[in-house]
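In: Kindly return the folded structure for what I paste below:
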Amino acid sequence: MNQLALIVGLFFATVVAVGVGDRLRLPYPVLMLLLAAALTFIPGFPYLEIPPDSILPIFLPPLLFATAQRSSWSVFRIRWRTIVLLAVALVLISTAFVAGAAWLMIPSIGLPAAIALGAMVAPPDPIAVESVSARVHMPRRLTTVLQSEGLFNDAAAIVIFQAAVGAAVAGTGIHPGVAVSFILGAAIAVVLGILMGWITMLVSRLITSMVARSAVTLVVPFVAYILAEEVHASGVIAVVVTALEIQRHTRPQDAAERITRTAFWDVVELLVTGLAFGLVGLEIRHVVQNEGMAIVPMIGTAVIVCVLVFAVRFGWLALLAVTARRHDGGLMPASAKEVLILTWCGMRGLATLALALALPLTLTDGTAFPARDQLIVIACVVLLATLVLPGLTLPALMRVLNAAEDGSEERDAARLLARRAQAAALAALKDNDFIRELPQEKVVLVREKMRRLHAELLDGTIRNETGEERRTRGRELAITVQTIALDAARQEVVSARNEPGIDPEVADRVLRQLDLRTMIMPE
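Out: Numbering: from 1, shown residues only. Modelled structure (predicted):
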């Protein structure tokens, strides 16, 4: 009962943290972490016991799925170089530097255990970045870079960690075929994700209940993750690909389902994120309690690793910024200001904690895992330093650098997409036999309705006609015109969402306005 009460309490605390965060303009995951850590100082406060090997399978699938739903295949086709250089190369480089430093500073740690530490602290957390960047009006281009990095870096880190821990436990070197295993596992995960996306859409179309169809999307990420892990593929990549495939197959006519599913996933993401970061806070306090005063001499090494993590990220991004001016067409950081922002947003989170707690207690010969307690302490200090400090100071940094955008770029993109939707609607009406047969005064009313639709897409508001207006315009005419126009407009936006250069989140906002207009149409 204590465990259930704690989970419910963390859910309630999440809601409170969101409200406080909105008022203070601070990210609620950071507030949840601090709150949970503070609560554990209360005598007799219960401890949430989750097996270390279950943390990633419980929390990663829904959170990755929620984030990936806001992206599209076109984004990854354009940003494949960003993904390779940040989600893979930077993870490898960070792991190498941290492993080298740990191997030099910690006596008798051994190279495999040092590499395991490097893999633990290498991947930034996409969930933390998402929640922080949304509140500081970060330029959309930089947010997309961070999202692209965060969706795939866990996969690389987990593979390195598993290989290093396996080598440490067995007392052997890391197998040289790790890179081949990673590539093969990623390929299998992509195929599995595509298959899961297709199966999900097939099952969804056989189910009549919109609530049940939304529930299917909650089950699918866990199925994709577990199946991928069972065949030694990447569960992370399988979940991301599944989400992208489901979005790719979305149909223009599924307006009600999209609205229901969006609301459903907003709640799921909020509560699971709060629970996950609450767990991080509880675990950090638990580590401190377990180590006691023995933690003090470990802090110096942990601080050095923290500085190294920031320095490696800054150096790599600075190098990419130099090459971006010549080769990448604006898809990489292109100034010192952007490099600093992206460096400060390299927040570690759930994956770092889960991998640290997943370190085995003993080796094959029965001896203790090398420096296990110190590795966990270092990972927790890095997590705190890279999550709490940037999370609380990023708003101030954005103000100092004058880097926050005013939203004009997104408004321009939405305006362009709204024009396309309006043009598609007008073209559909022009080619429709029903409209061709209307007298001139009715055609004028149709054009007025299209102008109003365009205005609604731009300002984000839905205006209901009064009963008198409906009678004036003609009920049947209004329904027919809206049906034809909205079908064509939704089809245009759904198609545009998968085009290179179109921001999926902007397309989703425009599509949501069309869906809402569809839902309030008179019957």
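
In: can you map out the strands along this structure?
Out: Using DSSP state E, the chain contains no strands.

In: which residue is nearest the centroid of it?
Out: Closest residue to the average C-alpha location of the chain: residue 67 at 3.1 Å, with C-alpha atoms, centre = their mean.

In: pLDDT score assigned to the nearest residue to it once chain neighbours are set aside?
Out: Spatial nearest neighbour of residue 67, excluding adjacent residues (C-beta to C-beta, 6 or more residues apart in numbering): residue 126 at 5.4 Å. Bear in mind the C-beta positions are built from the backbone N, C-alpha and C, glycine included. Confidence at residue 126, expressed as pLDDT, is 72.

In: neighbours around residue 126, how many?
Out: Neighbour count of residue 126, defined by other C-beta atoms under 10 Å: 27.

In: which residues does it contact?
Out: Listed by C-beta atoms under 8 Å, 6 or more residues apart in numbering, the contact set of residue 126 reads 63, 64, 67, 146, 147, 149, 150, 151.

In: try it again with 7 Å
Out: Residues in contact with residue 126 (C-beta atoms under 7 Å, 6 or more residues apart in numbering) are 67, 147, 150, 151.

In: try residue 243
Out: Contacts for residue 243 (C-beta under 7 Å, 6+ apart) come out as 65, 68, 69.

In: Out of the residues you listed, flag the one nearest to residue 22.
Out: Nearest to residue 22 out of the contacts of residue 243 is residue 69 (C-beta to C-beta; 22.8 Å).

In: Once you drop chain neighbours, what's closest to that closest one?
Out: residue 243 is the one closest to residue 69 (C-beta to C-beta, 6+ apart), at 5.0 Å.

In: ok, now how distant is that neighbour from residue 111?
Out: Residue 243 sits 37 Å away from residue 111, going by C-beta to C-beta, to the nearest Å.

In: With residue 514 instead?
Out: Note on residue 514: its distance to residue 111, by C-beta to C-beta, is 57 Å.

In: Measure how buried the nearest residue to residue 320 once chain neighbours are set aside is and give me the count.
Out: Excluding its sequence neighbours, the residue lying closest to residue 320 (C-beta to C-beta, 6+ apart) is residue 332, at 4.8 Å. Neighbourhood size, residue 332 [other C-beta under 10 Å]: 25.

In: what's the spacing between residue 332 and residue 51?
Out: Distance, residue 332 to residue 51, by C-beta to C-beta: 40 Å.

In: Please apply the same query to residue 507.
Out: Plainly put, residue 507 is 40 Å away from residue 51 if you go by C-beta to C-beta.

In: Which one of those two is surrounded by more residues?
Out: When residue 507 and residue 51 are compared for neighbours, residue 507 comes out ahead with 22 against 10, by other C-beta under 10 Å.

In: Relative to residue 409, how far out is the spatially closest residue to that one that is not a sequence neighbour?
Out: Distance criterion C-beta to C-beta, 6+ apart; nearest residue to residue 507, sequence neighbours excluded, is residue 497 at 3.9 Å. Taking C-beta to C-beta as the measure, residue 497 falls 17 Å from residue 409.

In: and residue 278, what does it touch?
Out: Listed by C-beta under 7 Å, 6+ apart, the contact partners of residue 278 are 10, 13, 32, 36.

In: quick one: average confidence on the longest helix anywhere in the chain?
Out: Taking DSSP state H as the criterion, the chain has its longest helix at helix 255-291. The pLDDT scores in helix 255-291 average 83.

In: Tell me the buried residues in that helix?
Out: Neighbour-count burial for helix 255-291 flags 255, 257-261, 264-265, 268-287, 291 (criterion: 16 or more other C-beta atoms under 10 Å).
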